[in-house]
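Novice: Got a sequence here, can you build the structure:
(one chain, ligands or ions: 2)
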Amino acid sequence: MEASLEKLREEVLHRNPGETEFHQAVTEVLEALEPVVDRHPEYVEHGILRRMCEPERQIIFRVPWVDDSGEVQINRGFRVEFNSALGPYKGGLRFHPSVYLGIIKFLGFEQVYKNALTGMPIGGGKGGSDFNPAGRSDGEVMRFCQSFMTELYRHIGEYTDVPAGDVGVGAREIGYLFGQYKRLTNRFEAGVLTGKGLTWGGSLVRTEATGYGAVMFANSMLGTKGESMDGQKVLISGSGNVAIYAAAKAQSLGATVVTASDSSGYVVDEDGLDLDLLKQIKEVERGRISEYAQRRGGRSRYVEGGSVWDVPGTVAIPSATQNELDDAAARTLIKNGVKAVSEGANMPSTQKATELFLDAGILFGPGKAANAGGVATSALEMQQNASRDSWTFDYTHDRLEAIMADVHDRCMATADEYGAPGNYVVGANIAGFLKVADAMIAQGIV
Ligand SMILES: NC(=O)C1=CN([C@@H]2O[C@H](COP(=O)(O)OP(=O)(O)OC[C@H]3O[C@@H](n4cnc5c(N)ncnc54)[C@H](O)[C@@H]3O)[C@@H](O)[C@H]2O)C=CC1
Ligand SMILES: O=C(O)CCC(=O)C(=O)O
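Specialist: Ligands and ions are numbered 1, 2, ... in the order given. Sure, this is the predicted structure:
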C-alpha cells in the first residue's frame, strides 16, 4: 500500500483497537483508493481520507426493558452517524447478540460508499443492539423496541438520520419503533424510518429490493460475458430477507436455486427451492431451516453445520453475514466452476476470499455495490413520503432496476478509468469515494 495510505491504516487500527471488522472494511477501501491518491493529492491535502475514517458522531446507550418473567434486562444500543456529506445519515439497525461498536462502525463505513453509489441524496450510518430477538415473544420485542427508540428518537429525523432494518430488524420491529417515535414526538413523520408497512408510508418493493438487486447485479455482470442468470445453478446462504428475495428473483430469471442456510446448517434442494415453504418456515413461523427438508422431502436434504459453499454451483449469492465465505470456501467454489459471486450480505467474503476470486477472474460484485438495491429503494420510500404519494409495484421495480444497472455500469467504467478493468471492488470503492469526497471539499472542513 502507498505510504500515506498505510500510515492512515495504521492510525485507524491504533485509534480503534479490537474493532476487527472495521479494520477490514477500512483496509479494503484504502487499498482500492491507491490510484486515486496518486492522481488526486488534493484529497490527502484536505484530510478527506482521514475524516472519512472517523464517524461524525457515535451514540452508545443503555436499553433497559422487562422480559415476560418480570426480570429487568439490559442491552446496549448504538447509532453511528458516519457521514452526512450527501444527505441525512441513512442505514439499517441490526439486532443480534454479536453486535458491538466494531460491527456497527464497519457497517456504517460501508454504507457511506454504497449510498453514494446509488446516486440518491443520502449519507451513511448504521445502528443496532446486542439484543437477540430469537426466542423472544412479540411483547418482549415490542418493549425492547420501545425502550430503544426512547433514547434514539432525539438523534433521528427525516432530515437528520433515517434508520431502517437489517439483521433481526424487519417489518415487525420497524412497526414498534415507528409507533414509539410517533408517540414521543407527537408527529406522524413518515420519512424518519424506512421499511414501514404498506398502509402507513411503506414502499412497495422495499421488502424484495436487496435480494432482487443482488440478482440484477449478478445478471449485469454475467451480461458482460454474454451470459445471464437464465439456466444458472445458484447457491444462496442465509434464509432471511435478502436470501429469500434473491432466490425469488433468480428463479424468475430462469435460474435454479439449490441452497439456503441458517446459523445451524444448510439445505440442498436439487429440484430448486420451494420458496412458499421457505417463507412459511422463516417469515411466518420463525423456525429453523432443518424443517424445510423434513417438510419438503423429495431430493432435498439438510446438512447440520458445514458450509453451503461445498455445494457445486455457477453463481453464488452470500446473503447471511460478514466473513461467512473464507479462502477455503472460495477455493472450493472456484474449483467447482463458479462464474459469478454477488454479495447480498455486507462484507460476507473475507479479504483473502475476495483476492482469490479476483485473481481467478471470477465476476465479483462487492456488497457495497451488489446489495445497494435495498437502501436505494429506501430512498425511493423517502421520496414517496416527501410527496405524500405511493407508487405502483411495477414503477418502483423499474426504478430499482435502472438504479442497479447504473451502479453496475458506473463501477465498471470507474474500474476501467483507474486501470483495473473488470474489478468491481476497485470500481465501487472509487466511484463511491469520489462523490463523497467532492461534496466534503465543497462543504469545507467540518
Ligand atoms: N435487509 C436489507 O435490506 C439489507 C441487508 N443487508 C445485509 O444482508 C445480510 C442479511 O440480512 P437480512 O437478510 O436483512 O437479515 P435477516 O435477519 O432477515 O436474515 C439473516 C439471515 O442470516 C442467517 N445467518 C445469520 N448468521 C448466520 C451464520 N453465521 N451462518 C448462516 N446463516 C446465518 C440467519 O439465520 C438469517 O436467515 C446482512 O449482512 C445484512 O447486513 C444488506 C443490504 C440491505
Ligand atoms: O434501507 C436502508 O436504509 C438500509 C439498508 C442497509 O442496512 C444496508 O444497505 O446495509
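
Novice: so what's whichever residue of the stretch 101-250 of the chain sits closest to ligand 1 scoring on pLDDT?
Specialist: Nearest residue of the stretch 101-250 of the chain to ligand 1: Gly240, at 1.8 Å (Cβ to the nearest ligand atom). C-beta: built from backbone N, CA, C; applies to glycine. What the model reports for Gly240 is a pLDDT of 95.

Novice: ditto for the one 5 residues further on
Specialist: According to the predicted model, the pLDDT of Tyr245 comes to 98.

Novice: ok, and does the longest helix anywhere in the chain reach over to ligand 1?
Specialist: Secondary structure of the chain per DSSP state H: the longest helix is helix 393-417. No. Contact of helix 393-417 with ligand 1 (Cβ under 6 Å from any ligand atom) is absent, the minimum separation being 12.0 Å.

Novice: can you give me the angle whichever helix or strand comes after that helix makes with helix 393-417?
Specialist: Using DSSP states H and E, the helix or strand that follows helix 393-417 in sequence is helix 424-442. Helix 424-442 and helix 393-417 are oriented at 90 degrees to each other (axes from the mean of the first three to the mean of the last three Cα atoms, to 10 degrees).

Novice: what does helix 424-442 contact?
Specialist: Outside helix 424-442, the residues that touch it by Cβ atoms under 8 Å, 6 or more residues apart in numbering are 28-29, 32-33, 35-36, 42-43, 46, 48, 51-52, 83, 85-86, 112-117, 221, 354, 358, 363-366, 368-369, 407, 410-416, 418, 420.

Novice: Does whichever residue of the stretch 51-200 of the chain sits closest to ligand 2 belong to a helix, a strand or coil?
Specialist: Using Cβ to the nearest ligand atom, the closest approach of the stretch 51-200 of the chain to ligand 2 is made by Gly92 at 2.6 Å. Secondary structure assignment for Gly92 (DSSP: H, G, I helix; E, B strand; the rest coil): strand.

Novice: burial count for Leu204?
Specialist: Using other Cβ atoms under 10 Å as the criterion, Leu204 is surrounded by 20 other residues.

Novice: In three-state terms, label the residue of the stretch 251-400 of the chain found nearest ligand 2 for me.
Specialist: The nearest approach of the stretch 251-400 of the chain to ligand 2 comes at Ser378, 3.3 Å away (Cβ to the nearest ligand atom). Following three-state DSSP, we place Ser378 in the helix state.

Novice: filter the contacts of helix 424-442 by proximity to ligand 2?
Specialist: Among those, the residues lying close to ligand 2 (Cβ under 6 Å from any ligand atom) are Lys114.

Novice: Which among the contacts of helix 424-442 count as buried?
Specialist: For the contacts of helix 424-442, a burial check counting by 16 or more other Cβ atoms under 10 Å picks out 28-29, 32-33, 36, 43, 46, 48, 51-52, 83, 85-86, 112-117, 221, 354, 358, 363-366, 368-369, 407, 410-412, 414-415, 418, 420.

Novice: Now the residue in the chain sticking out farthest from the centre. Its backbone dihedrals?
Specialist: Ranking residues of the chain by C-alpha distance from their mean position (Cα atoms, centre = their mean) puts Gly70 at the top, at 35.2 Å. Note on Gly70: its backbone torsions stand at phi 90, psi 0 [degrees, to the nearest 10].

Novice: Distance of the nearest residue to Leu325 once chain neighbours are set aside relative to Phe393?
Specialist: Leaving aside its chain neighbours, Leu325 sits nearest to Ser349 (4.6 Å; criterion: Cβ to Cβ, 6 or more residues apart in numbering). Relative to Phe393, Ser349 is positioned 32 Å away (Cβ to Cβ, to the nearest Å).
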